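Enquirer: Any chance you can model this:
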Amino acid sequence: MRNGVIVVCAAGLALSGCSRISESRFNPLNWFGAARSEAVVTAPASLIPERGGRVTVDQRGAIDQIVGVELSRTISGGLLTATGVDQSVGGFNAELVLISREAGTLTYEMRIERSGQDAGTTGSPAARTTTAAVVLSAQDLAGVRRITVQGASSAMSVTR
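Expert: Here you go, the predicted model:
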C-alpha cells in the first residue's frame with residue numbers, strides 16, 4: 001500500500017511540473033478551441049442569382065370570381081379546394097397561393113394563367129370554371145380559425 005501511494009504522489013508531482021490541467025488537451029473545455037468573432041458576409045439584394053440559375057416570376061393573375069370553397073379533413077390535416085369562374089375561356093395552371101397568415105386567418109389567392117389565343121372569348125360558365133386545391137398539414141392548420149380564398153372581384157371563407 002505504501003509503495004502505491006508513493007508512486008501516485010511521484011506521478012502527480014511529475015505531471016504538475018509540465019503544465020496545468022486547464023491548458024491540457026485532456027480538459028473537455030479545450031477540445032474546440034476558444035471562441036472567435038467573425039465578420040458576417042451578407043449577399044447583395046438582387047433578383048439575379050450568382051450562379052446563373054433561373055428566377056421564376058409568377059405572372060399569373062387572380063381569377064375573376066370565387067364561387068366555392070371547401071375544406072375537407074384528411075388524416076394528416078386538410079384539403080382546401082376552391083372553384084372560380086374567369087371572364088374568358090382558356091385559363092389553365094390554376095393554383096392557390098398563400099398571401100398572408102395572421103391572427104388565426106389564412107388568406108389564399110386563386111391565380112390562373114391565361115392563354116393569349118383565347119383572350120376575350122366568352123363561353124358558358126361551365127367552360128370558364130376552374131378548380132384548384134392545396135394540401136394543408138396539421139401544422140399549417142394549427143391555430144387557424146378561418147381560411148379565405150380571394151379572386152379579383154370576390155372572396156369566400158370557411159371557418160372552423
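Enquirer: what residues are up against Ser153?
Expert: Residues in contact with Ser153, defined by CB atoms under 8 Å, 6 or more residues apart in numbering, are 64-65. For every residue, glycine as well, the C-beta is placed using N, CA and C.
Enquirer: per-residue pLDDT, it?
Expert: Listed pLDDT for Ser153 reads 88.
Enquirer: how far away is it from Ile66?
Expert: 9 Å (CB to CB, to the nearest Å).
Enquirer: which residues does Leu80 form a beta bridge with?
Expert: Note on Leu80: beta-bridge partners by DSSP bridges are Leu71, Val134.
Enquirer: Now do it against Ala132, distance only.
Expert: 9 Å.
Enquirer: Same question for Leu79.
Expert: 11 Å.
Enquirer: again, but for Val69
Expert: Where Ala132 is concerned, Val69 sits at a distance of 11 Å (CB to CB).
Enquirer: Show me whatever sits in contact with both of those two.
Expert: 81-82.
Enquirer: Tell me the pLDDT of the closest residue to Leu79 other than its chain neighbours.
Expert: Among residues not flanking Leu79 along the chain, Ser72 sits closest, at 4.6 Å (CB to CB, 6 or more residues apart in numbering). With respect to pLDDT, Ser72 scores 90.
Enquirer: Just after the longest strand anywhere in the chain, pick out the following helix or strand.
Expert: In terms of residue count, the longest strand belonging to the chain (DSSP state E) is strand 91-102. Sequence-wise, the next helix or strand downstream of strand 91-102 (DSSP states H and E) is strand 105-114.
Enquirer: And that next one, what does it pack against?
Expert: strand 61-62, strand 77-85, strand 91-102, strand 129-137, strand 146-150 (3 or more CB pairs under 8 Å, 6 or more residues apart in numbering; DSSP states H and E).
Enquirer: Distance check, the residue nearest to Leu79 against Leu80.
Expert: In terms of CB to CB, Ser72 sits 8 Å off from Leu80.
Enquirer: Pick out whichever of these two has more residues nearby.
Expert: Leu80 (22 against 9; other CB atoms under 10 Å).
Enquirer: how close does that one sit to Thr159?
Expert: Distance of Leu80 to Thr159, given as CB to CB: 13 Å.
Enquirer: Having no further points to raise, I will conclude here.
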